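Enquirer: got a predicted model here, sequence first, then my questions.
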Amino acid sequence: MGCIPLRLMVKGMIMKILVLSLLMLLLVGCISGSPTLSQEQISRLELIKVYKKGESIEREYTVVSKVNSADCSGAGEVARIYGTEGRAIDILLRKTASLEADALINVSCGVAPLVNNCWAAKKCSGEAVNFK
């Protein structure tokens with residue numbers, strides 16, 4: 001039994017870091033889809049008001065949860081290529097309804113590469129809130 005050369009130890013460490021980094025990237029690149037809603041939650045969808053980031057909110061509120069969504073419903077017969085903001089916001093609304101929240105605030109959207117196996121998904125985020 002001899003000593004392991006330093007370069008082999010460094011090479012092994014680099015490989016472990018690389019594998020762990022790739023695993024983290026894959027986990028971060030997935031966003032859950034739209035939840036299944038009850039009939040009552042579906043009826044609440046129309047009542048949920050959406051406030052884009054920077055819009056003033058007329059009432060006091062408490063944050064129920066942060067919500068995220070991604071859409072990749074755009075064209076692509078073989079590979080999924082892009083998503084739409086409207087569908088990503090619809091997913092946010094469904095998540096907000098599942099939390100039985102009153103509104104969705106601070107909504108912002110952007111393009112996120114390689115999310116949910118999509119080249120350029122439309123990713124949105126916001127906060128589900130209840131008014132006081």
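Expert: Noted; the coordinates are in hand. This one's a predicted model, so the numbers in the text were calculated from it and none came from an experiment.

Enquirer: what sits against residue 87?
Expert: For residue 87, the set of contacting residues under the criterion of Cβ atoms under 8 Å, 6 or more residues apart in numbering consists of 71, 73, 122. Glycine gets a C-beta too; all of them are placed from N, C-alpha and C.

Enquirer: pretty sure the first one is touching residue 112, no?
Expert: When you say that, I think you mean residue 71. No - using Cβ atoms under 8 Å, residue 71 makes no contact with residue 112, being 10.2 Å away.

Enquirer: what about these two, which has more around it?
Expert: Using other Cβ atoms under 10 Å as the criterion, residue 71 and residue 112 rank with residue 71 on top: 27 against 20.

Enquirer: can you tell me the closest non-neighbouring residue to the more buried one?
Expert: Taking Cβ to Cβ, 6 or more residues apart in numbering as the measure, residue 71 lies nearest to residue 83, with 3.5 Å between them; neighbours along the chain are not counted.

Enquirer: the one you found - how many residues pack around it?
Expert: When neighbours are defined as other Cβ under 10 Å, residue 83 has 27 of them.

Enquirer: repeat that for residue 89.
Expert: Applying other Cβ under 10 Å, we find 20 other residues in the vicinity of residue 89.

Enquirer: that one falls within a helix, correct?
Expert: Yes - the assignment for residue 89 is a helix, going by DSSP: H, G, I helix; E, B strand; the rest coil.

Enquirer: okay, residue 127 and residue 43: tell me how far apart.
Expert: In this structure, residue 127 lies at 22 Å from residue 43, with Cβ to Cβ, to the nearest Å as the measure.

Enquirer: with neighbour numbers in mind, choose between the two.
Expert: residue 127 (19 against 11).

Enquirer: OK, contacts around that one?
Expert: With contacts taken as Cβ under 8 Å, 6+ apart, residue 127 has the following neighbours: 63-67, 104-106.

Enquirer: repeat that with 7 Å
Expert: Counting by Cβ atoms under 7 Å, 6 or more residues apart in numbering, residue 127 touches 63, 66, 105-106.
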